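1. From the sequence below, what's the structure:
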Amino acid sequence: MTLWLIRIFFVALSAIVGYQVGLLGGVAQAGTLGAAIGAGVACVLIGLEAALRKVSTRGLSAAVFGLLFGLIISRLIVTTLDLFPLGSEVTSVLKAAIVVIFSYFGMAVALRGRDEFNIIIPYVKFSRQDQREELVILDTSVVIDGRISDICQTKFIEGSFLVPRFVLKELQQIADSQDPIKRNRGRRGLDVLAHLQKMPAVQVKISEEEFPDTKEVDAKLVKLAKLLSAKVLTNDYNLNKVAELQGVRVLNINELANALKPVVLPGELLEVRVVKEGKEYNQGVAYLDDGTMVVVEQGRGLIAQTVKVLVTSVLQTAAGRMIFAKPEAENARGGWKPNQRA
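-> Numbers count the residues shown, from 1 in each chain. A predicted model of the protein is given here:
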């Protein structure tokens, strides 16, 4: 709304200036024509300003740097032309052509390599070397997951979170989905971001970088992280591996959750409730409070019972930790006698 007020004020001011310029000729009709021309020029400039919104700041700054570089190189070459006995007309034409050619090539090369162009004015930040700010980019999956809000509430993670504009667009598309489950997940992600913005220990920023040449959101996240030397916070296993292969630091909430699970050693006793059958014959499956799966050998007959089991081995997988156990002797005998009779 404020931007539109500024635009209206700019059009009115341009019309007034045009009217005053038109009156300099001493004709009243010229003042009206000048006001119309001034308002028309203002509308054209507003249209150009609206079109420039699609141009990224990084791309624009890279183009400006390339233009300056091309002008400097062309100036050096033009200076050498004065050493040759050429006519004034030929020299003028050559100078103009050289300036135009090198300006174009400078802008084109800078725009083509803008992803690797790190010394760009919008990203130059003056700060003390001993107080470097660590940026953490939030992935769509970790926002929808919601556990990041609880982690920040405990103040284990503090600093600046960066939410790219393309992640917000993906969240909005999920929130507008026809599928009620996806719609609820998208709305939950937006609520989590709103909750993070209200936390005093966390600063949430929005990145306008779009990377129009890249379609996949994961690839855009990796590019942005490499550009800003930032970390990526996610719970997506595939994104984790792709980012690590490209040298991007990754914070995975699932890995953090697995690391915080209590350590269970073979020979320990656990009290669990067997809830369902296992994949193998005569197995039962139970779960600890943190979600760790416990595979109970000879536990098929103990379904819906709370029993003490003896840990035999622990297996660490990519999906998490699995515990293998067997019932104590008394429970085992009482549990699978009915199966023997069957």
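2. which residues of the chain fall in strands?
-> Secondary structure of the chain (DSSP state E): strands located at 135-138, 159-164, 202-207, 231-234, 250-252, 269-277, 283-287, 293-297, 306-317, 320-327.
3. Mean neighbour count and distance to Val21 for those - can I get that in a markdown table?
-> Just so you know, the C-beta spots here come from the backbone N, C-alpha and C atoms, and that holds for glycine as well. Listed next are the strands of the chain as a markdown table, based on neighbours: other CB atoms under 10 Å; distance: least, CB to CB, whole Å:
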| stretch | mean neighbour count | distance to Val21 |
| --- | --- | --- |
| strand 135-138 | 20 | 49 |
| strand 159-164 | 19 | 46 |
| strand 202-207 | 15 | 42 |
| strand 231-234 | 22 | 55 |
| strand 250-252 | 20 | 60 |
| strand 269-277 | 16 | 84 |
| strand 283-287 | 21 | 80 |
| strand 293-297 | 21 | 80 |
| strand 306-317 | 15 | 77 |
| strand 320-327 | 20 | 74 |
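4. Present these as TSV; the columns should include mean pLDDT and distance to Ala96.
-> Output for the strands of the chain, formatted as TSV (pLDDT from 0 to 100; distance: least, CB to CB, whole Å):
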stretch	mean pLDDT	distance to Ala96
strand 135-138	89	45
strand 159-164	85	42
strand 202-207	86	40
strand 231-234	90	48
strand 250-252	88	52
strand 269-277	90	81
strand 283-287	92	77
strand 293-297	90	75
strand 306-317	87	68
strand 320-327	86	68
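5. Indicate which one of the ones you listed is closest to Val99.
-> Closest approach to Val99 among these (CB to CB): strand 202-207, 35.5 Å.
6. orientation of the closest one relative to strand 159-164 in degrees?
-> Relative orientation of strand 202-207 versus strand 159-164 (axes from the mean of the first three to the mean of the last three CA atoms, to 10 degrees): 30 degrees.
7. Show me what strand 202-207 is packed against.
-> Under the contact definition 3 or more CB pairs under 8 Å, 6 or more residues apart in numbering; DSSP states H and E, strand 202-207 sits against strand 159-164, helix 165-175, helix 180-197.
8. try it again with 10 Å
-> Applying 3 or more CB pairs under 10 Å, 6 or more residues apart in numbering; DSSP states H and E, one finds that strand 202-207 makes contact with strand 135-138, helix 147-153, strand 159-164, helix 165-175, helix 180-197, helix 217-228.
9. Show me the one of these that comes nearest Ala15.
-> Using CB to CB, the nearest of the helices and strands packed on strand 202-207 to Ala15 is helix 165-175, at 35.1 Å.
10. returning to what we had before: to Asn235, which of the helices and strands packed on strand 202-207 lies closest?
-> Using CB to CB as the measure, helix 147-153 is the one of these that comes nearest Asn235, at 8.0 Å.
11. Please point out which parts of the closest one sit buried.
-> For helix 147-153, burial by neighbour count (16 or more other CB atoms under 10 Å) applies to 148-149, 152.
12. In TSV: the residues you listed, plus pLDDT.
-> As requested, the buried residues of helix 147-153 are exported to TSV (pLDDT from 0 to 100):
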residue	pLDDT
Ile148	87
Ser149	86
Cys152	85
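13. still on that earlier bit, Serialize the strands of the chain to TSV and add fields for distance to Val78.
-> As requested, the strands of the chain are exported to TSV (distance: least, CB to CB, whole Å):
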stretch	distance to Val78
strand 135-138	43
strand 159-164	43
strand 202-207	40
strand 231-234	47
strand 250-252	50
strand 269-277	82
strand 283-287	77
strand 293-297	74
strand 306-317	67
strand 320-327	67
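14. so which of these comes closest to Leu111?
-> Once the strands of the chain are compared by CB to CB, strand 202-207 is nearest, at 19.3 Å.
15. could you point out where the stretch 151-300 of the chain is predicted with low confidence?
-> Residues of the stretch 151-300 of the chain that meet the criterion pLDDT under 70 lie in 158-159.
16. now do 80
-> Residues of the stretch 151-300 of the chain that meet the criterion pLDDT under 80 lie in 155-159, 201, 210, 212-213, 257-262, 290-291.
17. Quick one: residues contacting the spatially most central residue of the chain.
-> For the chain, the residue nearest the mean C-alpha position is Pro164 (4.0 Å; CA atoms, centre = their mean). Counting by CB atoms under 10 Å, 6 or more residues apart in numbering, Pro164 touches 137-140, 170, 205-211, 217, 220-221, 223-225.
18. Please repeat the previous calculation with a cut-off of 6 Å.
-> Taking CB atoms under 6 Å, 6 or more residues apart in numbering, we find Pro164 in contact with 207, 224.
19. measure it to Leu171 for me?
-> 11 Å (CB to CB, to the nearest Å).
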